[in-house]
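J.: Here is the input, now give the coordinates:
(4 chains)
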Number of protein chains: 4
Amino acid sequence: MKRIAVFTSGGDSPGMNACIRAVVRTAVYHGVEVYGVLRGYSGLINGELLRMDSMSVSNIIQKGGTILKSARSQAFMTREGRERAYNNLLNYHIDGLIAIGGNGTFTGAMTFFEEFGIPTVGAPGTIDNDLFGTDFTIGYDTAVNTALEAIDKIRDTADSHERVFFIEVMGRDSGYIAIPCAIGGGAELVLVPEQKVTPEDVIETLKAGFSRSKTSFIVVVAEGETAGTAVAEIAARAKEAIPQMDARVSIIGHIQRGGSPTAADRLLASQMGIAAVEALLAGHKNEMVGVVNRQVCLTPFQQTIFRKKRINENFMKMVEILSV
Amino acid sequence: MKRIAVFTSGGDSPGMNACIRAVVRTAVYHGVEVYGVLRGYSGLINGELLRMDSMSVSNIIQKGGTILKSARSQAFMTREGRERAYNNLLNYHIDGLIAIGGNGTFTGAMTFFEEFGIPTVGAPGTIDNDLFGTDFTIGYDTAVNTALEAIDKIRDTADSHERVFFIEVMGRDSGYIAIPCAIGGGAELVLVPEQKVTPEDVIETLKAGFSRSKTSFIVVVAEGETAGTAVAEIAARAKEAIPQMDARVSIIGHIQRGGSPTAADRLLASQMGIAAVEALLAGHKNEMVGVVNRQVCLTPFQQTIFRKKRINENFMKMVEILSV
Amino acid sequence: MKRIAVFTSGGDSPGMNACIRAVVRTAVYHGVEVYGVLRGYSGLINGELLRMDSMSVSNIIQKGGTILKSARSQAFMTREGRERAYNNLLNYHIDGLIAIGGNGTFTGAMTFFEEFGIPTVGAPGTIDNDLFGTDFTIGYDTAVNTALEAIDKIRDTADSHERVFFIEVMGRDSGYIAIPCAIGGGAELVLVPEQKVTPEDVIETLKAGFSRSKTSFIVVVAEGETAGTAVAEIAARAKEAIPQMDARVSIIGHIQRGGSPTAADRLLASQMGIAAVEALLAGHKNEMVGVVNRQVCLTPFQQTIFRKKRINENFMKMVEILSV
Amino acid sequence: MKRIAVFTSGGDSPGMNACIRAVVRTAVYHGVEVYGVLRGYSGLINGELLRMDSMSVSNIIQKGGTILKSARSQAFMTREGRERAYNNLLNYHIDGLIAIGGNGTFTGAMTFFEEFGIPTVGAPGTIDNDLFGTDFTIGYDTAVNTALEAIDKIRDTADSHERVFFIEVMGRDSGYIAIPCAIGGGAELVLVPEQKVTPEDVIETLKAGFSRSKTSFIVVVAEGETAGTAVAEIAARAKEAIPQMDARVSIIGHIQRGGSPTAADRLLASQMGIAAVEALLAGHKNEMVGVVNRQVCLTPFQQTIFRKKRINENFMKMVEILSV
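T.: So this is what the prediction gives:
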């Protein structure tokens, strides 16, 4: 393998730049040429490739977002689009790809390989931490810390005004972000997609708290499929049942995707970038690098896409114990 | 004056604790006894007063919120409620009050003085910075920095995905928060209550930017009277006019009220706390302490309540120049 | 077991409060009475115990330091001191102890148990992460992030002035803090006690970098046994060998022990607090709770004290690859 | 004036990039061509100029350091060096200069103008805030907040271990940084160059505090002319006099120069950049822009260099009152 290309795809996450940097420098270290593709699959199709060297990734390890930009590409869903992408890679003599992203990204890479045989190794770049094959994804630790800092600030007001705050954090299909935010934020309750909690349960918990003379509450809600809706509905129901309660809704929102990556995310992103290049050079393809029990490992895209990573159920119990 | 009491009222703001600390220690310094009233006017009515000394305010200067809690009181709007408050103050032999809050707080204090003759000096505690009689209010600098940090994070995503973000910051009647956020956040446009900007103006600015090959934009919107509504409407209108644009709305929300106060807010809060006590001891009443041109000064409540502080119009021009 | 006590000992670390909170609330949850001991072993000797309940630990999860204070105790090194401690525990009817601290703390507990039979379970509270029996200690993640933020700031100056910075981070016997700081901080070199690097190696690396037209460098140095000395010496030697180099020394210092704990530290501290109480109630003693491969586990004090946790040597290689 | 150049010189400060951005965009806005000079006077001499446009300064407003780099230049102290600089400016047809820096920078500009007649307008870029002609310098607010955050972290340890910390902050000739750090950090004492405090005074204050049963202290020390020395000496003297005291020294150091600028610094830097260009275009020279009482104004270099800005003595009194 003489020349590889790297791109970021799907929602951006803090640490993507650290991962790009590691990919580029590992390629340089091993004497392999490296190109960056702008805007993910869209840039592959439009031929937006640029030669990168060690200097191209100077001073980006601490930056949020992705210098290679990201975009969703309808065109790559079509055979025609993928063919154009392939031709561009041929023109540039690219032998292998590193894809930094999540499930959608890897699904595209798998199809592309079946049709055109360009090997791809993936690195897990998403704040959601919902990828099978790695204990942590790049950006997850940062997103949790960002949400938690927001919750700390909101608690100042919750305490001062003796209010109940229903706080929505990101997490479409899972409570991976919500749970550490609830534990770390000292929340009384956490609502996650993995566990059905009815509005009645919420109301009961609040009432029990008031009767123990708690005066302020934090309820952390994972956004679920309909961001902003679930949290508003729960809050409205609770307010109806406990009218004297002073309740507010806060949606942490997009800030969770940005910001300078934490130490853990920079380290993970660096490990993943190195491992991805070395795996590609060693002949791997259609696999995602990950970290399981602090060991770097590889998982077939097939599994990362179709298998579900389970949440630690002890964590849910912890919220209950700690808000006694 | 032998014994005074201090309370916080209205929306909490970072630096209120630093101000309480300064009030208490200045009282101690001058040999005056000092009580803290819990929950603002509500605590005055319910007799929630506690003796404070130097130790009571140890290690709170850096804390958001208010250790004295805050609440809105319907009862203080009634003559009966105020009478109960007065009787409590009599019982506790309180000769003067320090009220940390905003216009609503000072209005209550003024009425109370007219009826019962208890002198009150106010300190400007609100993130909104909309009080006449002071260049800056306690909490304003922190709120602006909190909002700005959020905007910095959002810009990572805006850049990476080449998106337009419409970001709502606090500010019901004024653009005091929105304007430094727009300038400091490198926004292309700022919408504030003080200046009418039509959706057509916004659309035009965006189109002009796209034609100069800008690919991401930040539009900062002051919440105005109907939080969440204005920003959503503007975004929808713009999206309709420029359908290819990838636009999102983000509402910074309650985090702006919390968090550890900045250096400037701790300094201001400390100055105001000292000045308020010294003014009260010197016989002032019905006045708010403030800082104008870096000099501590006093302004009658009458003026802080009814006069409007004007925004520096040069700042609006700056946004235009800097996004060229 | 009806009544237990908890204390913090040794150097304070961020997350100790979160751990105290978890200990107290888990005790309450299981219907066990709980006391807090002030100032570690010193407070045991002097009988500084206070009854704690759920409210005693409200709103402390996010706070650095330890509300129970910490101190080193010469007296506890003596049989007489320990006897006084034992008598106090008898008086208070304390059946078991939770000790939050490091090796020194656990050594004391072990001796105390041998002499007086009071069972103790330990929780790993130290920023150094050098305890065998847990992948991470409480405070480590925060300390690393604090040091890294400092390095990020220093790099602004390093870049702007094209300087070489020799930065000392904490870590007396190990490079646990230095290594992620070096990787995350984009350092060119890391010096840790586990690996001998001579001044000549440092000079060679710097020269090689200059010859590749690097203009600024970060060298991260673990403090080692003689804080401040090693880093100054290395810097002086390098400066001598490369006189045209503009080099500075920066010692991150005590800020690494303080600050609000990260999400990971709050989660870990909460897990450890719960696990410690439940282990004590289940009859464990002379053991430390820890997390290995994300599973809570117990390790005899004997092992945590005498066995050495090894550093991942791949990390050292990463610094080399990533600064290519 | 058709073409101007901008450079940064002296110690870097947060907000310099925001100022460069404002200079460039204001030039573009007024139809004037603009060049950036690398490495201050050194780059003028070596002809390191590059054409800048609106895009060159995208996404830098939030960055610490200076993208134009900074350096001290011995060569510019010589007539020959300045002549080379002049010839470069002639070659590039540069009509005017914007210098962002401090007193040393402006002294150079003044000499250069006298000899070669190239008009320069200065913008106050230094963390020290010691420039006559402006209430605040670019970077000062950020430096104070950075130091204060460090002090907050150190206080966690000071409290937990009941220690005395002697903390050195920057400030060679003035207490501008030390004073708000002391007030905002809740320090018991502040030592600044403007006011002689003997070691005996320090010892007396500490003793008085101990006798009021204070158990931890923060003493903030401005570095003065001999960084690191004064603070160590004071600490040693105090330790000698009060041997039972557990005292530590912490030097905040270089982190104070870096980091993302605060809202106030971004606003000030943007104002200064705009004002500097507009002043230059309006025919000003040998003057520094500044902000006095929130109004933009101009002050001759002669005065900024030779007149001394006085510190507000009330602030010193505040430290005393607030640590009662």
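
J.: How about the residue most central in space within chain A, nearest residue that isn't a chain neighbour?
T.: Among the residues of chain A, residue A:127 comes closest to the average C-alpha position under Cα atoms, centre = their mean, at 1.8 Å. In space, residue A:127 comes closest to residue A:143 once its chain neighbours are excluded; the distance is 3.8 Å by Cβ to Cβ, 6 or more residues apart in numbering or on different chains. C-beta: built from backbone N, CA, C; applies to glycine.

J.: got the angle between the strand or helix carrying the one you found and helix C:140-161?
T.: When secondary structure is defined by DSSP states H and E, residue A:143 falls within helix A:140-161. With axes from the mean of the first three to the mean of the last three Cα atoms, to 10 degrees defining the directions, helix A:140-161 sits at 110 degrees from helix C:140-161.

J.: and helix A:140-161, average pLDDT?
T.: This predicted structure assigns helix A:140-161 an average pLDDT of 97.

J.: Following element in sequence after that helix, please.
T.: Per DSSP H and E, the helix or strand that comes after helix A:140-161 is strand A:164-169.

J.: what about that next one and chain B, any contact?
T.: Yes. In terms of Cβ under 8 Å from any Cβ of the partner chain, part of strand A:164-169 sits within range of chain B, namely residue A:165.

J.: Near residue A:194, how many other residues are there?
T.: Here the number of neighbours of residue A:194 (other Cβ atoms under 10 Å in any protein chain shown) works out to 17.

J.: again, but for the one 4 residues further on
T.: Close neighbours of residue A:198, defined as other Cβ under 10 Å, add up to 11.

J.: Return the distance of it relative to residue A:172.
T.: 21 Å (Cβ to Cβ, to the nearest Å).

J.: can you count the residues close to the residue in chain A positioned nearest to chain D?
T.: Checking chain A residue by residue against chain D with Cβ to the nearest Cβ singles out residue A:260 as nearest, at 8.8 Å. For residue A:260, the count of nearby residues is 22 (other Cβ under 10 Å).

J.: Leaving aside the residues adjacent along the chain, what's closest to it?
T.: If the residues on either side of it in the chain are set aside, residue A:260 comes closest to residue A:62, at 5.0 Å by Cβ to Cβ, 6+ apart.

J.: same deal with residue A:107?
T.: In space, and not counting its chain neighbours, residue A:107 is closest to residue A:305: 5.8 Å by Cβ to Cβ, 6+ apart.

J.: now the helix or strand where the one you found lies, how far from the chain's geometric center?
T.: Here residue A:305 is covered by helix A:301-306, with elements defined by DSSP H and E. Between the mean C-alpha point of helix A:301-306 and the mean C-alpha point of its chain there is a distance of 16 Å (Cα atoms, centre = their mean, to the nearest Å).

J.: what's residue A:189 sitting at in phi/psi?
T.: Backbone dihedrals for residue A:189, given as degrees, to the nearest 10, come out at phi -160, psi 150.

J.: Just give me the neighbour total for the residue nearest to it when sequence neighbours are not counted.
T.: Excluding its sequence neighbours, the residue lying closest to residue A:189 (Cβ to Cβ, 6+ apart) is residue A:219, at 4.6 Å. Applying the criterion other Cβ under 10 Å, we find 25 residues in the vicinity of residue A:219.

J.: Surely residue A:219 is within a strand?
T.: Yes. If the criterion is DSSP: H, G, I helix; E, B strand; the rest coil, then residue A:219 is within a strand.

J.: my guess is it meets residue A:169, correct?
T.: No. In this structure, residue A:219 is not within contact of residue A:169 by Cβ atoms under 8 Å, at 11.2 Å.

J.: show me the contacts for the residue nearest to residue A:107.
T.: Contacts here follow Cβ atoms under 8 Å, 6 or more residues apart in numbering or on different chains; on that basis residue A:305 touches A:103, A:106-107, A:110.

J.: Just put the residues you listed in TSV and tack on secondary structure.
T.: Putting those into TSV (three-state DSSP) gives the following:
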residue	secondary structure
A:103	helix
A:106	helix
A:107	helix
A:110	helix
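
J.: ok, so of those residues, who is nearest chain B?
T.: Distances from chain B to the contacts of residue A:305, taken as Cβ to the nearest Cβ, are shortest for residue A:103 (17.9 Å).

J.: residues in the stretch 51-200 of chain A within reach of chain B, list them.
T.: Remark: the part of the stretch 51-200 of chain A in contact with chain B comprises A:63-66, A:69-71, A:146, A:150, A:152-157, A:159-162, A:165, using Cβ under 8 Å from any Cβ.

J.: Out of these, which are close to chain C?
T.: The subset of these within reach of chain C, counting by Cβ under 8 Å from any Cβ, consists of A:152, A:155, A:159.

J.: Hmm, residue A:262 is touching residue A:142, no?
T.: Yes. At 4.8 Å, residue A:262 and residue A:142 qualify as touching, with contact defined as Cβ under 8 Å.

J.: Mutual contacts of those two, please.
T.: Counting by Cβ under 8 Å, 6+ apart, the contacts common to residue A:262 and residue A:142 are residue A:14.

J.: quick one: the strands in the stretch 201-324 of chain A?
T.: Counting by DSSP state E, counting those that start in this stretch, the stretch 201-324 of chain A has strands at residues A:217-222, A:247-251, A:287-292, A:295-300.

J.: a markdown table for those strands, including mean pLDDT?
T.: Shown next, in a markdown table, are the strands of the stretch 201-324 of chain A (pLDDT from 0 to 100):
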| stretch | mean pLDDT |
| --- | --- |
| strand A:217-222 | 96 |
| strand A:247-251 | 95 |
| strand A:287-292 | 98 |
| strand A:295-300 | 97 |
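
J.: Among those strands, show me which one is buried the most.
T.: strand A:217-222 (a mean of 27; mean count of other Cβ atoms under 10 Å in any protein chain shown).

J.: circling back: specify the angle between the helix holding residue A:143 and strand A:217-222 in degrees.
T.: Between helix A:140-161 and strand A:217-222, the angle comes out at 150 degrees (the same axes, to 10 degrees).

J.: packing partners for helix A:140-161?
T.: With contacts taken as 3 or more Cβ pairs under 8 Å, 6 or more residues apart in numbering or on different chains; DSSP states H and E, helix A:140-161 sits against strand A:164-169, helix A:178-184, strand A:217-222, helix A:263-281, helix C:263-281.

J.: Quickly run through the sheet partners of the first one, with directions.
T.: Strand A:164-169 has the following sheet partners, assigned by DSSP bridges: strand A:217-222 (parallel), strand A:247-251 (parallel).

J.: Return the distance of the first one from the chain's centre.
T.: Here the centre of mass of C-alpha atoms in strand A:217-222, compared against the chain's by Cα atoms, centre = their mean, lies 20 Å away.

J.: Now for residue A:145: which residues touch it?
T.: Taking Cβ under 8 Å, 6+ apart, we find residue A:145 in contact with A:262, C:262-263.

J.: that older thread, could you dump the strands of the stretch 201-324 of chain A into CSV and include distance to residue D:269?
T.: Output for the strands of the stretch 201-324 of chain A, formatted as CSV (distance: least, Cβ to Cβ, whole Å):
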stretch, distance to residue D:269
strand A:217-222, 37
strand A:247-251, 32
strand A:287-292, 41
strand A:295-300, 44
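
J.: Can you say which of those is nearest to residue C:36?
T.: Minimum separation from residue C:36 across these (Cβ to Cβ) falls at strand A:217-222, 24.3 Å.

J.: what does the stretch 151-300 of chain A have sitting close to chain C?
T.: By Cβ under 8 Å from any Cβ, the part of the stretch 151-300 of chain A that sits against chain C consists of A:152, A:155, A:159, A:180-181, A:183-186, A:212, A:260, A:262-264, A:266-267, A:270-271, A:274, A:293-294.
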